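In: Provided below for reference: sequence and predicted model.
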Amino acid sequence: MLGWAYVYSMANAGRFIVIEGGEGAGKSRLLAALGEQLAAEGREVVLTREPGGTPLGEQVRSLVLNDAAVGDHLAELLLFEAARAHLVATLIRPALERGATVLCDRFAASSVAYQGCGRGLGREVVERANAIATGSLAPDLTLLLDLPVKAGLARRAGEGTANHFDRETVAFHERVRTGFLELAHESPDTWCVIDAAQPFEAVLNAAIAAVG
Ligand code: TYD
């Protein structure tokens with residue numbers, strides 16, 4: 001009986017799609033366009049972002065992204081994780097349970113890349129914290145918008161929306177990029193790397209093809 005109940009609930013579960021990438025890769029624009037496309041197909045689509053997505057998460061966002069860095073890397077990680085735990089519990093899981101498609105701008109892999117690789121906390125501690133915050137919920141699909149670091153930082157500078165991560169060294173952002181690419185190469189079934197240097201239409205088409 002339990003086995004059937006499990007299969008039944010899985011068959012009715014929604015789909016969890018995450019967009020990841022470094023600075024200036026165009027994640028937010030892709031999220032909006034992909035969301036419109038999926039909604040036009042008649043699906044319930046929930047768009048959200050990290051850090052943020054809930055009132056508490058948005059408060060954490062202003063704490064971790066304002067001009068002054070948190071200072072302590074572990075404290076910074078745990079702030080992201082607190083926002084993540086709240087987002088998963090109050091928005092993502094309920095949406096998936098009612099069958100929605102959830103599109104999220106960044107998720108747990110960002111902590112691996114930024115705090116684990118960029119800050120140097122290491123993957124193990126970040127993956128443990130991620131598992132606690134998410135209850136081991138993993139995306140069904142992660143779209144990685146990959147772009148050379150200098151190109152991304154130049155795009156971001158042009159947008160005039162820099163946060164203190166944007167002002168980190170090029171070496172920091174190279175570690176972040178390498179971290180994302182490692183994760184993608186380890187899980188080719190659930191990650192799709194998209195060349196974000198292409199024109200936006202090509203990026204969107206690649207994303208639509210990956211979502212299927
Ligand atoms: P944001 O302005 O949303 O940048 P972007 O448009 O590039 O997503 O700021 C999010 C910043 O927070 C970004 O620099 C990456 C960082 N971040 C982490 O360091 N760890 C995390 O777990 C998450 C979710 C984001």
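Out: Looks like it came in fine.
In: Could you say which helix or strand holds residue 37?
Out: helix 27-40 (DSSP states H and E).
In: what helices or strands is that helix leaning on?
Out: strand 15-21, strand 45-49, strand 101-105, strand 141-146, helix 200-211 (3 or more CB pairs under 8 Å, 6 or more residues apart in numbering; DSSP states H and E). Yep, even glycine has a C-beta here, placed from its N, CA and C like the rest.
In: Let me know the average pLDDT across that helix.
Out: Regarding helix 27-40, the rounded mean pLDDT is 96.
In: and what of stretch 98-111?
Out: Per-residue scores along stretch 98-111 average to 98.
In: and the helix holding residue 37 with strand 101-105, angle?
Out: Relative orientation of helix 27-40 and strand 101-105, computed by axes from the mean of the first three to the mean of the last three CA atoms, to 10 degrees: 170 degrees.
In: What lies in contact with helix 27-40?
Out: With contact meaning CB atoms under 8 Å, 6 or more residues apart in numbering, helix 27-40 is reached by 17, 19-21, 45, 47, 49, 101, 103, 105-106, 143, 145, 200, 203-204, 207-208, 211.
In: go again using 7 Å as the cut-off
Out: 19, 21, 45, 47, 101, 103, 105, 145, 200, 203-204, 207-208, 211 (CB atoms under 7 Å, 6 or more residues apart in numbering).
In: Out of those, which end up buried?
Out: By neighbour count, with 16 or more other CB atoms under 10 Å, the contacts of helix 27-40 hold 19, 21, 45, 47, 101, 103, 105, 145, 203, 204, 207, 211 as buried.
In: residue contacts, the last one?
Out: I take that to be residue 211. Shown in contact with residue 211 (CB under 7 Å, 6+ apart): 17, 34, 141.
In: Does residue 106 touch residue 50 like I think?
Out: Yes - taking contacts as CB atoms under 7 Å, residue 106 lies within contact range of residue 50: 4.3 Å.
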